[in-house]
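Novice: Below are the sequence and a predicted model; questions follow.
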Amino acid sequence: MLSTGFRVKNIAQALCISERTVTTHQQHIYKKLNIHHKVSLIKYTPYYCKFLSSLTLRERTIVVLITEGHCSQQVARELNISPQTVYSHRKTINKKLNSMRKKYDVLGIEQP
């Protein structure tokens, strides 16, 4: 549920557990998957390949680097671009990701 955009509060309500319990489980999941930020969860969604195909080559490169655990500063150095350019790309990527999340339901009602 985390990878498809649900917030901790929504997950807690859906599972009838406390938000603290959800957060604790989230931390354990991040540790097991070696994830440092929730954006890295995108690679575990059923629509990841479809999402990548909707991006430009540069956006795709940035997503891959971020899902590997690089911060924006590291991505900028790696691609020899300014951090502001990375932030601009991330903004566009997030818009595309949000529209993709709306399109594909977490319950699998509409499949990619």
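Specialist: It's in.

Novice: Phi, psi for Lys31 please.
Specialist: Backbone torsions for Lys31, taken as degrees, to the nearest 10, come to phi -70, psi -50.

Novice: What is the one helix or strand in the chain whose mean pLDDT sits lowest packed up against?
Specialist: When the helices and strands of the chain are scored by mean pLDDT, DSSP states H and E, helix 8-15 comes last with a mean of 81. Other helices and strands packing on helix 8-15, by 3 or more C-beta pairs under 8 Å, 6 or more residues apart in numbering; DSSP states H and E, are helix 19-33. For every residue, glycine as well, the C-beta is placed using N, CA and C.

Novice: Tell me what angle the helix it packs on forms with helix 8-15.
Specialist: Computed by axes from the mean of the first three to the mean of the last three C-alpha atoms, to 10 degrees, the angle separating helix 19-33 from helix 8-15 equals 100 degrees.

Novice: what packs against helix 19-33?
Specialist: Short answer (3+ C-beta pairs under 8 Å, 6+ apart): helix 19-33 packs on helix 8-15.

Novice: show me what contacts Ala12?
Specialist: Counting by C-beta atoms under 8 Å, 6 or more residues apart in numbering, Ala12 touches 18-19, 21-22.

Novice: same question but for Ser99, I mixed them up
Specialist: Contacts for Ser99 (C-beta under 8 Å, 6+ apart) come out as none.

Novice: Tell me the backbone dihedrals of it, please.
Specialist: Torsion angles, degrees, to the nearest 10, at Ser99: phi -70, psi -30.

Novice: Please apply the same query to Asn80.
Specialist: Dihedral angles for Asn80 - degrees, to the nearest 10 - are phi 60, psi 50.

Novice: change the start of the numbering to 23 and stick with it
Specialist: Will do, 23 is the new start, and the previous item becomes Asn102.

Novice: tally of neighbours for it?
Specialist: 6 (other C-beta atoms under 10 Å).

Novice: for the one 3 residues further on, same thing?
Specialist: Applying the criterion other C-beta under 10 Å, we find 14 residues in the vicinity of Pro105.

Novice: coming back round to it: can you pull the buried residues of the least confident helix or strand of the chain?
Specialist: Across helix 30-37, burial judged by 16 or more other C-beta atoms under 10 Å covers 30, 33-34.
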